[in-house]
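Enquirer: Sequence first, then the predicted structure, then my questions.
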Amino acid sequence: MIRKNKHYFTLVLIILTSLIIKIVLILKYQNSLTLFSDDLNYVKSAAVLVKRGIYIFHNLNEPLSL
């Protein structure tokens, strides 16, 4: 029983630490992503995946080889 509680406590501690780090980063950087960010490429890639059914990242005319 004690061992189970220790694992539970460790898991909760990791989750809370992760949450605190994420909140601090969100408050510090807010919405400061620029168009030069990789995030824009992920959004474009998702749009092409939905429209054409192919996964791309660098070039819109070339599908990613898996």
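Expert: All right, it came through fine. Keep in mind it's a predicted model, so treat the numbers as computed, not measured.
Enquirer: Domain parsing of this protein, as residue ranges.
Expert: Annotated domains of the chain cover 1-30, 32-61 [automatic domain parsing].
Enquirer: Tell me which of the ones you listed sits most buried.
Expert: Comparing the domains of the chain by mean neighbour count (mean count of other CB atoms under 10 Å), domain 32-61 ranks first with a mean of 11. From N, CA and C alone the C-beta is placed, and that goes for glycine too.
Enquirer: Which helix or which strand is home to residue 46?
Expert: For residue 46, the enclosing helix or strand under DSSP states H and E is helix 38-52.
Enquirer: what separates that helix from the chain centre, distance-wise?
Expert: 14 Å (CA atoms, centre = their mean, to the nearest Å).
Enquirer: can you check stretch 9-29 too?
Expert: 14 Å.
Enquirer: Quickly note the distance from residue 27 to residue 20.
Expert: As judged by CB to CB, to the nearest Å, residue 27 and residue 20 stand 11 Å apart.
Enquirer: can you check residue 42 too?
Expert: 25 Å.
Enquirer: Go ahead and flag the most central residue of the chain.
Expert: With distances taken as CA atoms, centre = their mean, residue 39 lies nearest the centre of the chain, 9.3 Å away.
Enquirer: can you put the domains of the chain in TSV and add mean pLDDT?
Expert: Converted to TSV, the domains of the chain look like this (pLDDT from 0 to 100):
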stretch	mean pLDDT
domain 1-30	89
domain 32-61	75
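Enquirer: can you map out the helices along this protein?
Expert: 2-29, 38-52 (DSSP state H).
Enquirer: surely residue 54 meets residue 47?
Expert: No: between residue 54 and residue 47 there is no contact under CB atoms under 8 Å: 11.4 Å.
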